[in-house]
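S.K.: coords please:
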Amino acid sequence: MTFDNTTPHPAARYDAEVRQTVPFYEMFQRQTLELVQAIKPEPACWLDTGCGTGYLVELALPRFPQTHFILADPSASMLEQARWRLAGQPGARVEFLPPLPSESLSTWQPAQKPQVITAVMCHHYLQPPEREKAVRACYDLLNPGGLLVVFETIELASPEGTATGLKRWGDFQVDAGRAASLVEAHLQRYKTEILPVSVGAHMALLRSTGFQTVEHFWLSLLQAGFYAIK
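M.R.: Below you'll find the model as predicted:
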């Protein structure tokens with residue numbers, strides 16, 4: 001099968017299929033928005049890297065009426081879906097970068113540095129050196145005091161914990177209506193295509209990059225949310 005992005009879902013069907021695949025997907029978006037509102041309630045510029053179909057930015061636009069949003073994703077097909085979703089927004093509010101992964105953001109020279117960068121469920125496709133480059137690129141782009149919010153698939157501390165997490169993840173997908181063969185294929189991606197990181201290791205990476213405040217603020221099954229302030 002040919003994929004038009006790094007997820008197992010074609011971009012045109014991503015919005016429907018991800019909700020059958022990732023537990024608490026909608027909650028990730030709400031938690032991200034609420035966290036930004038608490039820490040950076042009026043960011044002038046917000047970069048959403050790994051933006052996918054633009055869903056997070058669609059939710060954020062009315063909550064942050066003065067913010068300029070920049071969307072980046074390595075998949076041209078995902079960006080096409082995001083452009084379609086946000087077609088009614090004025091150019092002064094929404095800007096799209098050419099296809100660009102997070103680890104290559106260092107090649108981008110912004111006219112205005114973002115105060116917020118979000119990376120929701122996109123860095124877990126990266127090998128450790130590329131994940132480190134992605135975090136470094138985000139750090140370098142942020143102004144002092146800038147906020148990075150990241151959701152990752154995580155590695156648990158024990159084989160038993162991992163087995164339980166995978167079992168619950170599979171049960172969620174079955175209950176959501178996915179075929180057993182698709183569920184098994186998705187779980188096989190864990191540690192092969194989806195590359196988890198432990199909570200401790202990711203917090204250590206954020207600190208070693210230079211972030212002054214590093215926190216873990218969400219945990220569900222095999223996904224976790226982190227934030228860091230430069």
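S.K.: Quick check: T162 is in a helix.
M.R.: Yes: according to DSSP: H, G, I helix; E, B strand; the rest coil, T162 belongs to a helix.
S.K.: Identify the residues contacting it.
M.R.: Residues counted as contacts of T162 (C-beta atoms under 8 Å, 6 or more residues apart in numbering) are E155, L156, L222. Glycine gets a C-beta too; all of them are placed from N, C-alpha and C.
S.K.: Low-confidence bits of the protein, can you list those?
M.R.: 1-5 (pLDDT under 70).
S.K.: which residue packs closest to the residue nearest the centre of it, ignoring adjacent ones?
M.R.: In the chain, the centroid-proximal residue (C-alpha atoms, centre = their mean) is V120; its distance is 1.4 Å. Closest residue to V120 apart from its sequence neighbours, by C-beta to C-beta, 6 or more residues apart in numbering: F151 at 4.6 Å.
S.K.: Relative to the whole chain's centre, how far out is whichever strand or helix holds the one you found?
M.R.: Applying DSSP states H and E as the criterion places F151 in strand 147-153. Relative to the centre of its chain, strand 147-153 is centred 6 Å away, using C-alpha atoms, centre = their mean, to the nearest Å.
S.K.: Note down every partner strand of that strand and its orientation.
M.R.: Partners of strand 147-153 in the sheet, by DSSP bridges, are strand 116-120 (parallel), strand 223-229 (antiparallel).
S.K.: Identify, out of those, the most deeply packed stretch.
M.R.: Mean neighbours per residue, mean count of other C-beta atoms under 10 Å, is largest over those for strand 116-120, with a mean of 26.
S.K.: Quick one: residues in contact with it.
M.R.: Counting by C-beta under 8 Å, 6+ apart, 28-29, 32, 36, 40, 43, 45-50, 56, 102, 134, 138, 141-142, 146-151 sit against strand 116-120.
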